[in-house]
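Visitor: the sequence and its predicted three-dimensional model are supplied below.
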There are 2 protein chains.
Amino acid sequence: MAAQTDTRTKILASADRLLRRRGFNGFSYQDISEPLGIRNAAVHYHFPTKADLAVAVIDGYRRILRDRTAAFMAGDGDPIAQLDGFIDFSTAECCEESTMCPVGALSSDYYSLPEPIRTAGNRLLEELLAWMTRVCTVGREQGKFHFEGDPAIKAEQIVASLQGARQLARFRGAQAMQDIAGQIRRDLSIDSSRGS
Amino acid sequence: MAAQTDTRTKILASADRLLRRRGFNGFSYQDISEPLGIRNAAVHYHFPTKADLAVAVIDGYRRILRDRTAAFMAGDGDPIAQLDGFIDFSTAECCEESTMCPVGALSSDYYSLPEPIRTAGNRLLEELLAWMTRVCTVGREQGKFHFEGDPAIKAEQIVASLQGARQLARFRGAQAMQDIAGQIRRDLSIDSSRGS
DNA sequence: GTCTATAACGTGATAGAC
DNA sequence: GTCTATCACGTTATAGAC
């Protein structure tokens, strides 16, 4: 059972990276099985369809998000630290792997996506936006962030910027991601020595 | 020759929409030939490889961009009108067709893209950013836009926001695109009654 | 739990007739 | 300039042995 779990974990880790790097239509079962030294069919054993595999990856991100934001959503913690945590996480993935954000990887393939993946992606996005909206709301209430308009829309814009930044970084290099992250902070009038 | 040109034009229009809607890996020669009532091979006659087809689409956008911005880049015209023109163009495409921006459609498939397409996409992006940088620079000089930091980075952020917005709109509907467009204007302190 | 073998299909692309 | 016919390959997925 240790071996089973281990194989399953390795498959999941590989699918995660491939999905963010190439998009749902851009990788195959072979891309996963070959480097792991197992067969195509072994992957199908753990995840019967490609949709099962993608949903498992997405749900993994939903869990990470929940773990990192649960305390804040319950009323505890600093909005600047929350935002920084997300930006740093995204920037690190972008610089180290040149990957897209999971939602970005799904939205480009949206119209050829099996229904279960759309649903999982939709949930991840809604949870992410609910959290970011709260970060913006509390941040402004506490006088730490400065912006005009609806916090829910500012949250949408920040998420969209970071998603777009990770894609521009593929053409222009990781510096584009760092530049945009810095500009987001600058627009919010957060003094920051890093991120640019 | 009229018929030839006509078929070629129809193929190009179809490929344009398919590329922005599904990404480079998300459409096939059949998707083009079938609705046009021609054969798979007829498409290959006009565009020998799929890369030729994509490059032709991208170069079409480079031409549109150049036509719409040449006067401004030569020193004539209003930066607000330039920005509005781009946002309106993007929003219309997003609302009517739920398509991505051309650069966004390429960046998601970046690592499985034939080299000529990367080069064409890179040129389109650099031309777009050069123009947007000038829009931000002149807009601030004229006291019409308000932002902190390097105009080139602000330009990157605006492009990334709009690219991300069009992708979020696939999950959340076209309202997301309009909301984010409004927030971009709000951040620049442009009073605007539309876009939200 | 993982394997071999293979089905069933879609893909981009080419050859050569007309 | 467009056709028919087909190639060579990669894809997801399944059946059944071990």
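Guide: Arrived safely. Residues are numbered from 1 along each chain as shown, chains lettered A, B, ... in the order given.

Visitor: who's in contact with the helix or strand of chain A with the lowest mean pLDDT?
Guide: Sorting the helices and strands of chain A by mean pLDDT, DSSP states H and E puts helix A:2-22 at the bottom, at a mean of 89. For helix A:2-22, contacts defined as C-beta atoms under 8 Å, 6 or more residues apart in numbering or on different chains pick out A:26-27, A:31-32, A:35-36, A:38, A:42-43, A:46-47, A:53-54, A:56-57, A:60, A:93, A:97-102, A:105, B:109, B:111-112. In this view, the C-beta of every residue, glycine as well, is placed from N, C-alpha and C.

Visitor: those also near DNA strand D: which ones?
Guide: A:27, A:31 (C-beta under 7 Å from any atom of the strand).

Visitor: inside helices: which ones of the contacts of helix A:2-22?
Guide: Per DSSP state H, helices hold the following members of the contacts of helix A:2-22: A:31-32, A:35-36, A:42-43, A:46, A:53-54, A:56-57, A:60, A:93, A:97, A:102, A:105.

Visitor: select only the buried ones of those residues in PyMOL?
Guide: In PyMOL syntax, the buried subset of those is picked out as below (16 or more other C-beta atoms under 10 Å in any protein chain shown):
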select buried, chain A and resi 31+32+43+46+53+54+56+57+60+93+102+105
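
Visitor: now, the most widely separated pair of the ones in helices among the contacts of helix A:2-22?
Guide: A:Ala42 and A:Glu93 (27.3 Å; C-beta to C-beta).

Visitor: tell me, how many residues neighbour the residue in chain A that DNA strand D sits nearest to?
Guide: Of all residues in chain A, A:Ser28 sits closest to DNA strand D, with a separation of 3.1 Å (C-beta to the nearest atom of the strand). Applying other C-beta atoms under 10 Å in any protein chain shown, we find 14 residues neighbouring A:Ser28.

Visitor: what are the buried residues along whatever helix or strand A:Ile184 lives in?
Guide: Applying DSSP states H and E as the criterion places A:Ile184 in helix A:174-187. Residues A:174, A:176-187 are the ones in helix A:174-187 that count as buried (16+ other C-beta under 10 Å).

Visitor: repeat that for stretch A:164-174.
Guide: A:164-172, A:174.

Visitor: over to stretch A:115-124?
Guide: For stretch A:115-124, by 16+ other C-beta under 10 Å, it's A:117-118, A:120-121, A:124.

Visitor: remind me, longest helix of chain A?
Guide: Per DSSP H, chain A has its longest helix at helix A:115-141.

Visitor: state the mean pLDDT of that helix.
Guide: When pLDDT is averaged along helix A:115-141, the result is 98.

Visitor: so is it next to chain B?
Guide: Yes: Helix A:115-141 comes into contact with chain B (C-beta under 8 Å from any C-beta of the partner chain), by way of A:118, A:121-122, A:125.

Visitor: which one among those gets closest to A:Thr133?
Guide: A:Leu125 (12.1 Å).

Visitor: pull the number of nearby residues for the closest one.
Guide: Here the count is done by other C-beta under 10 Å, and A:Leu125 has 22 residues near it.

Visitor: same thing with A:Val159?
Guide: 27.

Visitor: flag every residue of chain A that's near DNA strand D.
Guide: Going by C-beta under 7 Å from any atom of the strand, the residues of chain A near DNA strand D are A:27-31, A:40-41, A:44, A:48-51.

Visitor: I'd like the next helix or strand past the longest helix of chain A.
Guide: Next helix or strand after helix A:115-141 toward the C-terminus (DSSP H and E): helix A:151-172.

Visitor: just checking, what packs against that next one?
Guide: Packing partners of helix A:151-172 (3 or more C-beta pairs under 8 Å, 6 or more residues apart in numbering or on different chains; DSSP states H and E): helix A:79-97, helix A:102-108, helix A:115-141, helix A:174-187, helix B:102-108, helix B:115-141, helix B:151-172, helix B:174-187.

Visitor: next, the angle from that helix to helix B:151-172.
Guide: 110 degrees (axes from the mean of the first three to the mean of the last three C-alpha atoms, to 10 degrees).

Visitor: what's the angle from helix A:151-172 to helix B:115-141?
Guide: 130 degrees.

Visitor: let me see the mean pLDDT of helix A:151-172.
Guide: pLDDT averaged over helix A:151-172 gives 98.

Visitor: output that helix as PDB, nothing but the C-alphas.
Guide: Provided in PDB are the C-alpha atoms of helix A:151-172 (Å, rounded to 0.1, in the frame of the first residue of the first chain):
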ATOM      1  CA  PRO A 151     -13.200  45.100  -3.400                       C
ATOM      2  CA  ALA A 152     -14.700  42.100  -5.300                       C
ATOM      3  CA  ILE A 153     -13.700  43.800  -8.600                       C
ATOM      4  CA  LYS A 154     -10.300  44.800  -7.300                       C
ATOM      5  CA  ALA A 155      -9.800  41.200  -6.300                       C
ATOM      6  CA  GLU A 156     -10.800  40.000  -9.800                       C
ATOM      7  CA  GLN A 157      -8.300  42.400 -11.300                       C
ATOM      8  CA  ILE A 158      -5.400  41.300  -9.100                       C
ATOM      9  CA  VAL A 159      -6.100  37.600  -9.900                       C
ATOM     10  CA  ALA A 160      -6.300  38.400 -13.600                       C
ATOM     11  CA  SER A 161      -3.100  40.400 -13.500                       C
ATOM     12  CA  LEU A 162      -1.200  37.600 -11.900                       C
ATOM     13  CA  GLN A 163      -2.600  35.000 -14.200                       C
ATOM     14  CA  GLY A 164      -1.700  37.100 -17.200                       C
ATOM     15  CA  ALA A 165       1.700  37.900 -15.800                       C
ATOM     16  CA  ARG A 166       2.600  34.300 -15.600                       C
ATOM     17  CA  GLN A 167       1.700  33.900 -19.200                       C
ATOM     18  CA  LEU A 168       3.600  37.000 -20.400                       C
ATOM     19  CA  ALA A 169       6.600  35.700 -18.500                       C
ATOM     20  CA  ARG A 170       6.800  32.800 -20.900                       C
ATOM     21  CA  PHE A 171       7.600  35.200 -23.700                       C
ATOM     22  CA  ARG A 172       9.500  37.800 -21.800                       C
END
